[in-house]
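# quick one, fold the following:
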Amino acid sequence: MLQFLLVFLFSLSWKITTSALPVEEFLHCLSLRLGNSASVANLVYTQHNSSYSSVLKSSAQNFRFTTPSTPKPLAVLTPLHASHIQATVYCCRKLGLQVRTRSGGHDYEGLSYRTAYKVPFVVIDLVNLRSVQVNVEKATAWVESGATIGELYYEILQKSRTLTFPAGIGHTVGLGGHLSGGGYGSLHRKYGLAADNVIDARLINVQGRILDRKSMGEDLF
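Now for the predicted structure:
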């Protein structure tokens with residue numbers, strides 16, 4: 001088995017202020033950053049949107065954290081491009097909003113779509129960023145964070161009967177969340193954790209910059 005190259009779009013956490021800000025300010029900021037208010041309307045679900053609840057609960061596995069008393073985000077963003085995430089990171093930082101990043105799989109603790117503190121926050125749902133590009137010759141694969149383990153396994157199997165990736169057995173687990181926990185699986189004793197096999201990554205830092213392994217430096221990587 002050979003190593004695979006995984007690409008993940010993450011936003012880093014930062015300290016926030018506790019002052020509540022209306023969601024209109026957040027939407028206005030996004031419109032200015034993206035330059036198109038119409039596109040923002042197709043990406044963002046606020047509590048005034050009829051689809052807000054269904055989008056928020058779309059990957060919720062533990063219904064203890066979907067009750068009326070569970071803190072709700074000001075908005076759920078479903079980006080289509082890295083630029084959408086960059087704009088969200090910028091606006092949240094500017095307005096003092098916390099960010100939760102959801103990679104599309106299950107989350108029994110609900111940490112990707114709720115907060116234990118009563119502070120305003122926004123959920124970045126990577127459900128649309130789930131491409132898997134397998135290169136059999138190089139034995140690598142670029143995988144976006146919104147893809148699940150099952151989708152990764154499936155795409156590898158379509159290209160090769162001899163290559164695989166040492167991740168978990170839960171096919172609904174999102175790659176972003178799986179790797180952030182190390183990535184335990186049935187092959188880890190021989191090939192290590194899933195995170196051990198990441199040889200490059202792209203992330204979005206708190207300044208909204210896209211960094212790869214070279215530009216972020218070995219310490220951060």
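
# so which bits of stretch 214-221 are buried?
For stretch 214-221, the neighbour count (16 or more other C-beta atoms under 10 Å) marks Met216 as buried. All C-beta atoms are positioned from the backbone trio N, CA, C, and that covers glycine.

# now do the strands in the protein.
For the chain, the strands defined by DSSP state E cover 44-46, 75-77, 98-102, 121-125, 132-135, 140-143, 203-204, 210-211.

# tell me the pLDDT of the residue nearest in space to the middle of the chain.
Central residue of the chain (C-alpha atoms, centre = their mean): Ser103, 3.6 Å from the mean position. Here, the pLDDT recorded for Ser103 equals 88.

# off-centre distance for stretch 197-208?
12 Å (C-alpha atoms, centre = their mean, to the nearest Å).

# please apply the same query to stretch 158-170.
Relative to its chain's centre, stretch 158-170 lies at 22 Å (C-alpha atoms, centre = their mean).

# ditto for stretch 28-39
Relative to the chain's own centre, stretch 28-39 is displaced by 21 Å; criterion: C-alpha atoms, centre = their mean.

# how about the lowest-mean-pLDDT helix or strand in the chain: buried residues?
Lowest by mean pLDDT, DSSP states H and E among the helices and strands of the chain is helix 37-43, with a mean of 78. If you call a residue buried by 16+ other C-beta under 10 Å, then helix 37-43 has these buried ones: Val40, Leu43.

# tell me the mean pLDDT over the helix ranked longest in the chain?
Longest helix in the chain, counting residues (DSSP state H): helix 82-95. Computed over helix 82-95, the mean pLDDT rounds to 94.

# now the angle from that helix to strand 121-125?
Counting by axes from the mean of the first three to the mean of the last three C-alpha atoms, to 10 degrees, helix 82-95 lies at 170 degrees to strand 121-125.

# can you give me the buried ones in stretch 85-95?
Quick answer for stretch 85-95 (16+ other C-beta under 10 Å): Ile85, Gln86, Ala87, Thr88, Val89, Tyr90, Cys91, Cys92, Arg93, Leu95.
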